[in-house]
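Asker: How does the following fold in three dimensions:
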Amino acid sequence: MSEFADLPEDQATGRIAEIYGEIRRYGAVPYVSSLQRQLATVPGCLEWLWEAARPAFLDGRVPEAAWAAVAGLDLPHLAPIPKPALRTLGVDARSEAQLHGIFETFLRASPVNMVTASLLGHLLDSPSSTSPATPQVAATWTPPAPPPPLPGFPTDEELGPDARELLSLFTVDMHGARFVPGLYRLLAHWPAYLAHVAVDLIPLFEREDIKRTCYDVVARIDQIVPALVSGISAPSPPFDAATRDALRGSLAVYRGTTSPQMIVFSTMLRDALPSA
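Answerer: As a prediction, the model looks like this:
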C-alpha cells in the first residue's frame, strides 16, 4: 500500500474517524494499521470497504478466524534474552512490557489485515451488487482487551545518524517503493535492542524455511477467506479503474510479503523475551 498516502489517526474526522474507532475495537488493537490509513486517502474507499465487511467484524468472524489461522506456526527459536541482558540493551522493566505489547499488537493486526486485504480484493474483482446498502448491525461479539497503546514512531532527529543507519538495514521493497516496516521503526526506541534484533533476524530474511513459513501463513489465510467472503458484496467502487488496478497491485505485495513477515518475526521476537 506504500504508493498511497497515509491519513494519521489524529487527523481523521467524521465517518473515517468512526471507522478507525471500530477497527481498533473489533481488531482488539490500540492503533489503526497502515493498510486502513492508506485506504482512507482514496476518496470513499475505506467507507466502501467497511460498509461491506463491517458485519463480519462485529460478530467476530474475521478476527477470530484470522487469529486462529496463524496459530501454531512451526518456527525456529531465537536464543532467549535473559533479563540482565535486556537491561544492558537499554530495555528496563517498563520497556520490556512495551515490547510485549508491540509484538502482541502486530500478531493481532497482521492476520486481520491479511484477511481485510483479501476481502478488498474480492470486492474489487466481484460484480457490483445491486442490492440495497447493508443495514446497520449490532455487535454480537466482545473482543479481547487491546494491548497497551504503542509508543509513537521516533523522529529522525530523535534517532540520530547511527540509529537511522541501523534502521535502514530493515528496508524492504514494496511494489517499487522502499520503506521500513512499522515493527522495526517502533523497536528503534531501543537502539541497542534493535541492533541485537538485526543480528538475529537479518540472516533469516532469505532463509528458505522462513520463506516457506511465510508462504504457509498466506496459504492458511487463503483457506479461511472463501467462507468469510460468502455473502459480502458492495456496489460499484467509488474510484476509477486505474485506482482499482493500483490497489490490486499493492494489496498483493502487502498480503503476500509484509504481513506474513510481521507475524513470523513478531512471534519469534516475543518468544525470545522473558515471559510477560
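Asker: Only C-alpha atoms from now on, for both contacts and neighbour counts.
Answerer: OK.
Asker: Which parts of the protein are helices?
Answerer: The residue ranges that make up the helices of the chain, judged by DSSP state H, are 14-27, 34-39, 45-58, 61-69, 83-88, 93-125, 156-168, 182-187, 191-201, 208-229, 241-253, 259-272.
Asker: Return the member of the ones you listed having the minimum mean pLDDT.
Answerer: Of all these, the segment with the smallest mean pLDDT is helix 241-253, scoring a mean of 87.
Asker: how about the helices of the chain, which one is nearest W141?
Answerer: Distance to W141, taken as CA to CA, is lowest for helix 45-58 among the helices of the chain, at 6.2 Å.
Asker: Give me the helices and strands touching that closest one, please.
Answerer: Taking 3 or more CA pairs under 8 Å, 6 or more residues apart in numbering; DSSP states H and E as contact, the helices and strands that helix 45-58 lies on are helix 14-27, helix 34-39, helix 93-125.
Asker: residue nearest the centroid of this structure?
Answerer: Nearest to the centroid of the C-alpha atoms of the chain, with distances taken as CA atoms, centre = their mean, sits S110, at 3.4 Å.
Asker: what about the helices of the chain, which gets the closest to V137?
Answerer: With CA to CA as the measure, helix 45-58 is the member of the helices of the chain nearest V137 (6.5 Å).
Asker: quick one: buried residues of the closest one?
Answerer: Across helix 45-58, burial judged by 16 or more other CA atoms under 10 Å covers 45-58.
Asker: can I get these in CSV with distance to T142?
Answerer: Conversion of the buried residues of helix 45-58 to CSV gives the following (distance: CA to CA, whole Å):
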residue, distance to T142
C45, 27
L46, 23
E47, 23
W48, 24
L49, 22
W50, 19
E51, 20
A52, 20
A53, 17
R54, 14
P55, 13
A56, 13
F57, 10
L58, 8
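Asker: nearest to F106, of the residues you listed?
Answerer: Using CA to CA, the shortest approach to F106 within those belongs to F57, at 17.7 Å.
Asker: Tell me the spacing between the residue nearest to the closest one when sequence neighbours are not counted and I202.
Answerer: If you skip the residues right next to it in sequence, F57 has Y26 as its closest partner in space, 6.0 Å away by CA to CA, 6 or more residues apart in numbering. Look at Y26 and I202: by CA to CA, to the nearest Å, they are 33 Å apart.
Asker: Just want to know which of those two has more residues nearby.
Answerer: Y26 (24 against 12; other CA atoms under 10 Å).
Asker: Provide a list of residues in contact with the residue nearest to L204 when sequence neighbours are not counted.
Answerer: Leaving out its chain neighbours, the residue that sits closest to L204 by CA to CA, 6+ apart is I210, at 6.7 Å. Shown in contact with I210 (CA atoms under 8 Å, 6 or more residues apart in numbering): 75, 204, 264.
Asker: Now a ChimeraX select for only the buried ones of the residues you listed.
Answerer: When burial is assessed using 16+ other CA under 10 Å, the buried subset of those is captured in ChimeraX by this command:
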select :264
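Asker: can the contacts of I210 go into JSON lines with extra columns for distance to L166?
Answerer: Rendered in JSON lines, the data for the contacts of I210 read as follows (distance: CA to CA, whole Å):
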{"residue": "L75", "distance to L166": "25"}
{"residue": "L204", "distance to L166": "17"}
{"residue": "V264", "distance to L166": "21"}
